[in-house]
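# quick one: sequence and predicted model below, then my questions.
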Amino acid sequence: MIFPQNVSPRRAAEILHRIFDRVPAGFAFRLWDGSVVALGGGRPVCTVVVHQPQTFIRLVRDPTPLNFAEAYIDSSIDLEGDLFEAMSIANSIEEIRVPAIERARMFLALWRS
């Protein structure tokens, strides 16, 4: 599947809400333009800093803890806040299952950016 090379921060925020609003704990993403997208329930305990739109696309394609860990290790993302709380959120993310129809909608949304 071919993905776009770029995505607007506004479209990225919409997609993040589609995927991660179900997570019970509060966390956030800071996108490459500096905008912050708060997700989950409550005050964010950590923030994932995404440096490039291409990294966002990579993470959305496969939003698993392993993919996030690889992005962290290769410095494509940074993590601000409580690392232990972030690990708890990662466990919640592991439970997320995005239906195929929703993945298709997100794919189309990326192309419309």
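Received the coordinates, thanks. Numbering: from 1, shown residues only.

# what ranges does the chain have for its strands?
With strands called from DSSP state E, the chain shows them at 27-30, 36-39, 46-50, 77-81.

# quick one, which of the ones you listed gets closest to Phe56.
Evaluated over these, closeness to Phe56 peaks at strand 46-50, with 5.1 Å, by CB to CB. Where C-beta positions appear, they are placed from N, C-alpha and C, glycine not excepted.

# middle-most residue in the protein, spatially?
Leu16 (5.4 Å; CA atoms, centre = their mean).

# hang on, that one packs against Val37?
Yes - between Leu16 and Val37 a contact is recorded at 5.0 Å, counting by CB atoms under 8 Å.

# anything in contact with each of these two?
Counting by CB atoms under 8 Å, 6 or more residues apart in numbering, the common neighbours of Leu16 and Val37 are Phe29.

# thinking again about what came up before, redo the strands of the chain as CSV? Include distance to Asp62 and mean neighbour count.
Output for those, formatted as CSV (distance: least, CB to CB, whole Å; neighbours: other CB atoms under 10 Å):
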stretch, distance to Asp62, mean neighbour count
strand 27-30, 16, 22
strand 36-39, 18, 17
strand 46-50, 15, 21
strand 77-81, 14, 15
